[in-house]
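> would you be able to build a 3D model of this:
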Amino acid sequence: MENITISIVTCTYNSELFLEKALKSIESQSYLKIEHVINDSFSTDSTLQIINEYIERNKGRYPIKFFQSEPNGVANALNVGTQMASGDVIHYLHSDDYYLDRNALARVAAYFQDNPNNNWVTGNFLIEFAGKTIVLPQTLLLRSDPQIALSAMNFISHENTFMKREFVNQYGGFNEGKDEVVEYSLWLRLIRDEKPLVVDDEFTVFIIHKGSTSTGSPLKLLKAVMRAFHTQEKEKVIPLLGYYPENKAYIWGNEVLAKTRKLIAQSKKQLSKTFKLLTGNWWS
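Sure thing, here's the model as predicted:
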């Protein structure tokens with residue numbers, strides 16, 4: 001198991017509220033064949049102080065790559081962080097997430113070790129709300145038919161998904177469009193070619209709070225749902241049916257539409273010829 005290096009990517013911007021908890025959950029892991037990539041978007045609060053203290057505490061324990069990049073959205077920050085990573089497996093631990101227990105990464109490494117041909121692993125959605133942790137076992141939906149389940153909605157927990165780094169790069173990383181869910185396009189592209197290893201397990205806790213970009217308020221949640229529908233359209237997915245360019249009904253409909261357009265074009269051409277003949281005879 002020790003031959004698998006896990007790259008943890010954390011992006012920060014004025015993240016002082018929860019960052020310390022995230023960092024302590026990393027340094028407490030029993031599995032330390034890791035590297036930590038931290039991309040900060042020029043924070044102005046105490047974020048940098050927290051990061052510097054964390055780096056100092058963990059010198060010599062595992063590599064920590066810290067750098068700063070211009071704030072161009074979460075997806076861009078994640079993609080830039082990905083390019084700095086060098087591990088076999090990559091995980092995106094946001095500054096308001098934390099690992100559930102000290103053996104979380106050890107379990108992840110074991111899943112990849114036991115399933116060497118699998119490129120990604122996903123577990124249950126685990127949230128912390130008002131100080132309580134709640135497991136949402138959405139993997140029950142994913143296990144039966146993950147492609148169909150994912151076509152309906154973004155049922156994959158970003159926080160509890162781990163991927164081989166080369167696999168992420170191969171499929172283009174995260175979507176930087178403003179009208180789409182950051183990770184949903186990536187999931188839809190990945191699952192088209194390979195199903196994830198779906199496990200009844202939890203690794204990472206997602207904290208729901210007012211500052212959350214997708215769940216901080218009912219309005220933010222509604223906007224996230226609408227962005228998910230927009231992503232489905234862009235990726236050519238019909239909810240519960242899957243990829244519509246490959247759907248038999250869609251193919252048949254397109255063929256009928258193409259034939260109809262051809263007949264209309266031919267009819268217009270014939271009418272034009274007839275009209276010219278009639279008008280030409282009338283003027284003569």
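
> in contact with residue 154, which residues?
Residues near residue 154 by C-beta atoms under 8 Å, 6 or more residues apart in numbering: 181, 183, 184, 187, 228, 231. Where you see a C-beta, it was placed from the backbone N, CA and C, and this is true even at glycine.

> my bad, residue 64
Contact partners of residue 64, counting by C-beta under 8 Å, 6+ apart, are 35, 36, 38, 54, 55, 58.

> neighbours of residue 108, how many?
For residue 108, the neighbour count with other C-beta atoms under 10 Å is 25.

> thinking it is in contact with residue 162, fair?
Yes: contact criterion C-beta atoms under 8 Å: residue 108 and residue 162 qualify, at 5.2 Å.

> need the residues touching each of those two.
With C-beta under 8 Å, 6+ apart as the test, residue 108 and residue 162 both reach 6, 89, 91, 121, 203.

> quick one: the first one from residue 178, how far?
Here the distance between residue 6 and residue 178 works out to 30 Å (C-beta to C-beta, to the nearest Å).

> ok, these two, which is more surrounded?
Neighbour tally, residue 6 and residue 178, criterion other C-beta under 10 Å: the higher count belongs to residue 6, 25 against 8.

> which residue ranges make up the domains of this structure?
Here the domain parsing of the chain from automatic domain parsing is 6-238, 247-283.

> what is the neighbour count of the closest residue in space to residue 200 that isn't next to it in sequence?
Spatial nearest neighbour of residue 200, chain neighbours left out: residue 139 (6.0 Å); criterion: C-beta to C-beta, 6 or more residues apart in numbering. Residues contacting residue 139 under the criterion other C-beta under 10 Å number 23.

> what's the answer for residue 136, then?
Considering only other C-beta under 10 Å, residue 136 is surrounded by 14 other residues.

> kindly report the same for residue 242.
Count around residue 242 with other C-beta under 10 Å applied: 21.

> name the helix or strand for the nearest residue to it once chain neighbours are set aside, please.
Distances taken as C-beta to C-beta, 6+ apart put residue 151 closest to residue 242, at 5.1 Å, once the chain neighbours are dropped. Residue 151 is part of helix 146-152, with elements assigned from DSSP states H and E.

> need the next SSE after that helix, C-terminal direction.
strand 161-164.

> starting at the chain centroid, how far to that following strand?
Relative to its parent chain, strand 161-164 has a centroid offset of 10 Å by C-alpha atoms, centre = their mean, to the nearest Å.

> quick check: buried residues in the helix or strand following it?
Toward the C-terminal end, the helix or strand that comes next after strand 161-164 (DSSP H and E) is helix 165-170. For helix 165-170, burial by neighbour count (16 or more other C-beta atoms under 10 Å) applies to 165, 167, 168.
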